[in-house]
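Engineer: got a predicted model here, sequence first, then my questions.
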Amino acid sequence: MISENNYKKEHVVQNPFGKKIFDSGLILHAEESYKVLKKVYHKDIPFISDYYSMMVNTFERMYKGILEEYANNNPKYHLNESVMYTHHLDLLAKTVDKVIPVMSNRNQYRTLLNSLSDISIGYTKSRYSDFYEYEDFASVYRLFEKQRKYLYSNMEKDKPKNNNKPKYREMDDIDFGY
């Protein structure tokens, strides 16, 4: 899925769940961070609380990278630039869901959004006041892995499910307050 208009060799990464090539610095950065976080998850690297923040940043970059990739390969799609400035994972997931379903059914979708909202709040706390334990990190890591596989696998398809309009989508427009 390399955009001919925006080809940058240093940003190219192969979809880990398929054959397509992504041309997104955000996805590349998320995938590079994922390699470290996977070692932390498997306890090959000792856990420190800062890895919680890194995990949430990686989640954010994956969502933003998917939007960037989609916009680069679908000229009719207009990416609202304000979405690239938000740090709220639930809002990013809602935006991604407009182009590629983030979950397979409505209940999973709602659960995901609630979890992502909590994770975003935890991210802010982890930067300024709270220290997180390995189990907190591991919980976010497992959710990231599920989302990563589900979304990247759907990106491998020529046309995302539901003709780009998930039946369970709750919002037509998202106001990011910017």
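Structural biologist: Arrived safely. Numbers count the residues shown, from 1 in each chain.
Engineer: can we go C-alpha only for contacts and neighbour counts from here?
Structural biologist: Fine.
Engineer: residue ranges with poor pLDDT in this structure?
Structural biologist: Low-confidence segments of the chain, defined by pLDDT under 70, span residues 1-10, 126-127, 158-178.
Engineer: taking the centroid of it, which residue is nearest it?
Structural biologist: Among the residues of the chain, the one closest to the centroid is residue 63, at 2.7 Å (Cα atoms, centre = their mean).
Engineer: am I right that that residue is in a helix?
Structural biologist: Yes - according to DSSP: H, G, I helix; E, B strand; the rest coil, residue 63 belongs to a helix.
Engineer: was I right about residue 28 contacting residue 11?
Structural biologist: Yes - the pair formed by residue 28 and residue 11 meets the contact definition of Cα atoms under 8 Å, at 6.1 Å.
Engineer: neighbour-wise, which of the two wins?
Structural biologist: Shown here are residue 28 and residue 11; by other Cα atoms under 10 Å, residue 28 has more neighbours (20 against 16).
Engineer: which SS class is that one?
Structural biologist: Going by three-state DSSP, the state assigned to residue 28 is helix.
Engineer: now swap in residue 22 and tell me
Structural biologist: Going by three-state DSSP, the secondary structure assigned to residue 22 is strand.
Engineer: how close does it get to residue 67?
Structural biologist: The gap separating residue 22 from residue 67 is 11 Å, by Cα to Cα, to the nearest Å.
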